[in-house]
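Asker: model this:
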Amino acid sequence: MTASSEILFGSDSNVAPIGIIAMNSVTELGRKIDDYLVDWAGKGGINVDSFLVESECPRFSSGDGKGLIKSTIRGKDLFIIIDVGNYSIKYDYFGMQNAMSPDDHFQDLKRIIQAASGKAHRITVIMPTLYGGRQHRRSYRESLDCACALQELEAMGVSNIVTFDAHDPRVQNAIPLMGFDNVMPTYQVLKAMLKDIKDISFNKEKFMVVSPDEGALNRNMYYASVLGVEMGMFYKRRDYSTIVNGRNPIVAHEYLGNPVEGKDVFVSDDIISSGESMLDVASALKEKKAGRFFAYATYAIFTNGLEKFDKAYEDGIIDGVFGTNLTYRTPELLSRPWFHEVDVSKYIAYFIEAINHDVSISKIIDPHTKIETLLKKYGMK
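Answerer: All right, here's what the predicted structure looks like:
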């Protein structure tokens, strides 16, 4: 049985008053989250203009920085939201404009936690793109940045970490006594697909889910299971005799599974970086006479630009790419006809409310129930 948001806000069961610090990397997302929470609070009889707490991390001309919180956070249940992947933020460094790296963003996060001076009732860090998350295991003499970063946050008094679609959620083994939520926005993705692709059908005769590699099997298995469709997978055949840019190069993508001929295909992954692997998978599926190709990545960052995807769209290799607003998207990406944005701000607002009231997220929103309701609404069940 789920509880409505306004009932929770009107129940006086919250741990402490909410305070939200949206770092300069997530100002747009922070405003959306705040709007939901203010609306729910108003419906619950609590009139508040905003839960946002103003803060900044100014820099000296030498590049040194400091964290500054501009109003009281004493006794508040403090939620700090940050996008460590936002490279559009720049600061003055010896007269040059220096783009902030994930290291710079993480350092600013620690500065804000220091600025809180232990006065907050509790601190939760919402970090959709987990800092250092792609370096999740040690194969040679390598650093384990994510594990060390999580331990740093724990030592600084952070109570909970909320992240989305972690590259490998086993990084939480570094902090076994600390709260760690790895959230999957599956419902939001399906909702965006049904809204934007008017003639899509999740009938097993017309639609199929394919995993791009063995690492993405679990997330794609979930989509296939809730939709009741068949699933195939690719595995990456690598050349283990050479190392290029620290990795063994991929020789080919080999497909395993039932025929995809005539079916729309959906491929889900955590990140589209250069995008070459996703385009290779799309080309291989089109060669097998697949119908339309839809890709989804929680973090669509396109480090090598958009031109290859533009050409693939023009050539009919891809038909749509879905990505969330959990990380920075360039204006150029948002203007592309093949890109569809998945808004996750309301889901984060639900999480903030659940943590603030010390209740399970399923008390407010049960993702599986929401998916079932969504599919019935569109006549898919």
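Asker: just the strands in the stretch 1-150 of the chain please.
Answerer: Shown for the stretch 1-150 of the chain, the strands assigned by DSSP state E, counting those that start in this stretch span residues 18-22, 55-56, 68-69, 77-81, 90-93, 96-99, 122-126.
Asker: okay, these in CSV with mean neighbour count, distance to residue 313 and mean pLDDT next?
Answerer: Backbone N, C-alpha and C define where each C-beta goes, glycine included. Listed next are those as CSV, based on neighbours: other Cβ atoms under 10 Å; distance: least, Cβ to Cβ, whole Å; pLDDT from 0 to 100:
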stretch, mean neighbour count, distance to residue 313, mean pLDDT
strand 18-22, 24, 33, 97
strand 55-56, 18, 40, 96
strand 68-69, 18, 44, 96
strand 77-81, 25, 32, 98
strand 90-93, 14, 30, 90
strand 96-99, 11, 28, 90
strand 122-126, 23, 33, 97
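Asker: can you redo these as TSV with distance to residue 312?
Answerer: Below are those laid out as TSV (distance: least, Cβ to Cβ, whole Å):
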stretch	distance to residue 312
strand 18-22	35
strand 55-56	41
strand 68-69	45
strand 77-81	33
strand 90-93	31
strand 96-99	28
strand 122-126	33
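Asker: Residue 246: which of those strands is closest?
Answerer: Shortest separation from residue 246 across the strands of the stretch 1-150 of the chain is recorded for strand 96-99, at 22.1 Å, computed as Cβ to Cβ.
Asker: can you give me the offset of that closest one from its chain's centre?
Answerer: Remark: strand 96-99 is offset 26 Å from the chain centroid, using Cα atoms, centre = their mean, to the nearest Å.
Asker: Direction included, what does it pair up with?
Answerer: In the sheet, strand 96-99 lines up against strand 90-93 (antiparallel) (DSSP bridges).
Asker: List of residues touching the partner strand?
Answerer: By Cβ atoms under 8 Å, 6 or more residues apart in numbering, the residues outside strand 90-93 that reach it are 59, 61-63, 65, 97-100.
Asker: Stretch 297-309 spans what distance, first to last residue?
Answerer: Terminal residues of stretch 297-309 lie 14 Å apart, using Cα to Cα, to the nearest Å.
Asker: Counting neighbours, show which residues of it come out buried.
Answerer: In terms of neighbour count (16 or more other Cβ atoms under 10 Å), stretch 297-309 has its buried residues at 297-302, 306, 308-309.
Asker: now swap in stretch 210-224 and tell me
Answerer: Applying 16+ other Cβ under 10 Å to stretch 210-224 flags 210-213, 216, 219-220, 222-224 as buried.
Asker: Closest to residue 108 out of those?
Answerer: Using Cβ to Cβ, residue 219 is the member of these that lies nearest residue 108, at 30.2 Å.
Asker: Show me the beta-bridge partners of the nearest residue to the closest one once chain neighbours are set aside.
Answerer: Closest residue to residue 219 apart from its sequence neighbours, by Cβ to Cβ, 6 or more residues apart in numbering: residue 268 at 5.3 Å. Taking DSSP bridges, one finds residue 296 as the beta-bridge partners of residue 268.
Asker: what about residue 268, how many neighbours?
Answerer: Neighbouring residues of residue 268 were enumerated by other Cβ atoms under 10 Å; the total is 24.
Asker: Show the backbone phi and psi for the nearest residue to residue 115 once chain neighbours are set aside.
Answerer: Across the structure, with Cβ to Cβ, 6+ apart as the measure, the residue nearest residue 115 apart from its sequence neighbours is residue 67 (4.0 Å). The phi/psi pair for residue 67 (degrees, to the nearest 10) reads phi -100, psi 140.
Asker: Let me know how buried residue 67 is, in neighbour terms.
Answerer: Using other Cβ under 10 Å: residue 67 sits among 20 other residues.
Asker: didn't it look like it was pressed against residue 117?
Answerer: No. Applying Cβ atoms under 8 Å as the test, residue 67 and residue 117 come out as separate, 10.3 Å apart.
Asker: Can you name the residues that contact residue 180?
Answerer: Contact partners of residue 180, counting by Cβ under 8 Å, 6+ apart, are 150, 160-161, 163, 169, 172.
Asker: Ok, residue 182 next?
Answerer: Taking Cβ under 8 Å, 6+ apart as the contact definition, residue 182 lies against 163-166, 169, 172.
Asker: Would you format those as CSV with pLDDT and distance to residue 233 included?
Answerer: Output for the contacts of residue 182, formatted as CSV (pLDDT from 0 to 100; distance: Cβ to Cβ, whole Å):
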residue, pLDDT, distance to residue 233
163, 96, 25
164, 95, 23
165, 92, 18
166, 91, 20
169, 90, 20
172, 94, 26
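Asker: Show me those that map onto strands.
Answerer: Where these overlap with strands, as defined by DSSP state E, the overlap consists of 163-164.
Asker: Serialize the contacts of residue 182 to JSON lines and add fields for neighbour count and distance to residue 286.
Answerer: Conversion of the contacts of residue 182 to JSON lines gives the following (neighbours: other Cβ atoms under 10 Å; distance: Cβ to Cβ, whole Å):
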{"residue": "163", "neighbour count": "23", "distance to residue 286": "34"}
{"residue": "164", "neighbour count": "24", "distance to residue 286": "30"}
{"residue": "165", "neighbour count": "24", "distance to residue 286": "26"}
{"residue": "166", "neighbour count": "25", "distance to residue 286": "31"}
{"residue": "169", "neighbour count": "17", "distance to residue 286": "32"}
{"residue": "172", "neighbour count": "20", "distance to residue 286": "38"}
